[in-house]
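sequence and predicted structure are below.
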Amino acid sequence: MSTQTSPHTIPWEEKPAGSEDVIWRYSQNPIIKRDAIKNSNSIFNSAVVPFKDGYAGVFRCDDKRREMGLHAGFSKDGVDWKIDEEPIRFQCSEEEIADFEYGYDPRVCFIEDRYYVTWCNGYHGPTIGIAYTFDFKNFIQVENAFLPYNRNGVLFPRKINGNFAMLSRPSDTGHTAFGDIFYSDSPDLTYWGKHRFVMGPRGWWQSTKIGAGPVPIETEEGWLLFYHGVLTSCNGYVYSFGAAILDLEKPWIVKYRTEPYLLSPQKDYECMGDVPNVVFPCAALHEKESGRIAIYYGCADTVTGMCFAQEKPLIEFIKNNSKLK
Ligand code: BMA
């Protein structure tokens with residue numbers, strides 16, 4: 001999400017008549033099919049932002065070797081995407097970091113004058129890679145934020161108390177069976193510290209691990225954070241998502257957090273694919289004036305879907321369905 005305003009209104013579809021849900025799926029899902037580019041096995045867990053007179057994004061495209069890559073893409077309306085056939089070639093002046101192993105689950109965040117990309121970057125195991133771009137053609141990679149192993153690095157869209165701020169989820173080298181969200185800050189995007197615990201798993205759909213989703217949205221109540229939660233079933237992991245509201249100036253303080261999920265894998269395209277039963281949000285567009293929110297989420301590690309919410313009823317729902325202990 002970006003607080004920039006786009007000349008286009010964000011993608012939107014009214015809630016189906018009679019629905020009581022605060023989040024509803026786009027009727028034309030999935031918006032990006034697994035074979036949207038020639039070499040792709042799957043395109044999912046991807047991030048979009050307003051850009052020029054339309055939208056741009058960084059997409060997770062796994063190729064037919066099942067190698068994970070990051071590709072830039074462009075769209076006029078945020079729904080119909082043209083994704084570059086070739087992966088992003090990051091420019092990096094540090095030889096050690098320039099040796100790109102793999103990248104996945106990108107987030108894109110506009111801060112001050114440029115777009116930052118964070119992603120799960122292979123460097124002796126997963127850690128958080130950071131790059132910036134002005135045009136989605138040239139990407140300058142800077143230092144990895146943290147020591148391995150870490151995933152789900154998500155920047156805040158403005159500096160907090162004078163520093164860049166990021167959520168992340170320390171992990172291990174495998175399909176990590178644990179995971180809490182932490183907050184860290186940095187004066188220069190190189191040195192990160194003041195690590196603070198934000199929240200951990202808490203039973204039900206979020207009993208195994210949790211991780212930050214899209215870039216947090218600034219609201220009057222606090223930072224609106226969509227986050228994924230995982231439960232372990234007899235058939236393996238199930239990924240749903242909910243939301244929390246974090247204090248604006250001390251975002252490690254959780255004000256509210258949903259007990260029920262907001263979206264769980266229920267549609268065929270969320271339950272069938274390379275990894276069944278996964279909904280995984282990585283981006284959200286927010287239109288301040290109308291309160292409209294469009295969320296982009298990966299479906300079954302195969303395709304990309306979109307769902308919608310209205311800010312006010314969503315925040316009311318989070319507040320009314322939140323018990324912190
Ligand atoms: C996580 C990440 C995500 C993926 C999810 C479900 O560990 O790899 O990219 O969507 O597992 O497979």
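Here it is on my side, so go on. In this text, all values refer to a predicted model and were calculated from it rather than measured experimentally.

the ligand contacts on the chain?
When proximity is defined as CB under 6 Å from any ligand atom, the chain approaches the ligand at 45, 104, 105, 175, 239, 275, 278, 280, 298, 301. The C-beta positions use only the backbone N, C-alpha and C, and glycine is treated the same way.

now those residues: which count as buried?
45, 104, 105, 239, 275, 278, 280, 298, 301 (16 or more other CB atoms under 10 Å).

where does the protein dip in pLDDT?
1-8, 325 (pLDDT under 70).

closest residue of it to the ligand?
residue 275 (3.9 Å; CB to the nearest ligand atom).

hang on, that residue packs against residue 298?
No - taking CB atoms under 8 Å as the definition, residue 275 is not a contact partner of residue 298, at 9.3 Å.

and the helices in the stretch 151-300 of the chain?
268-271 (DSSP state H, counting those that start in this stretch).

just curious, which of the residues of the chain next to the ligand is nearest to residue 34?
Nearest to residue 34 out of the residues of the chain next to the ligand is residue 301 (CB to CB; 9.7 Å).

for the nearest residue to the closest one once chain neighbours are set aside, give its distance to residue 230.
Ranked by CB to CB, 6 or more residues apart in numbering and with sequence neighbours excluded, the top spatial neighbour of residue 301 is residue 275, at 3.8 Å. To residue 230, residue 275 is 12 Å away according to CB to CB, to the nearest Å.

what's the answer for residue 172, then?
14 Å.

who has more neighbours out of those two?
Between residue 172 and residue 230, residue 230 has the larger neighbour count (other CB atoms under 10 Å), namely 26 against 15.

hang on, the more buried one packs against residue 202?
No - counting by CB under 8 Å, residue 230 does not reach residue 202; the two are 11.9 Å apart.

thought residue 81 was touching residue 36?
Yes - if you go by CB under 8 Å, residue 81 and residue 36 touch, sitting 7.0 Å apart.

before we move on, back to that, among the buried ones among the residues of the chain next to the ligand, which lie within strands?
In strands, defined here by DSSP state E, the members of these are 45, 104, 105, 239, 280, 298.

dump the residue contacts of the fifth one.
So the one you mean is residue 280. By CB atoms under 8 Å, 6 or more residues apart in numbering, residue 280 lies in contact with 44, 45, 105, 213, 228, 239, 241, 297, 298, 299, 301.

skip the chain neighbours and tell me the closest residue to it.
In space, residue 280 is closest to residue 298, 4.1 Å off (CB to CB, 6+ apart).
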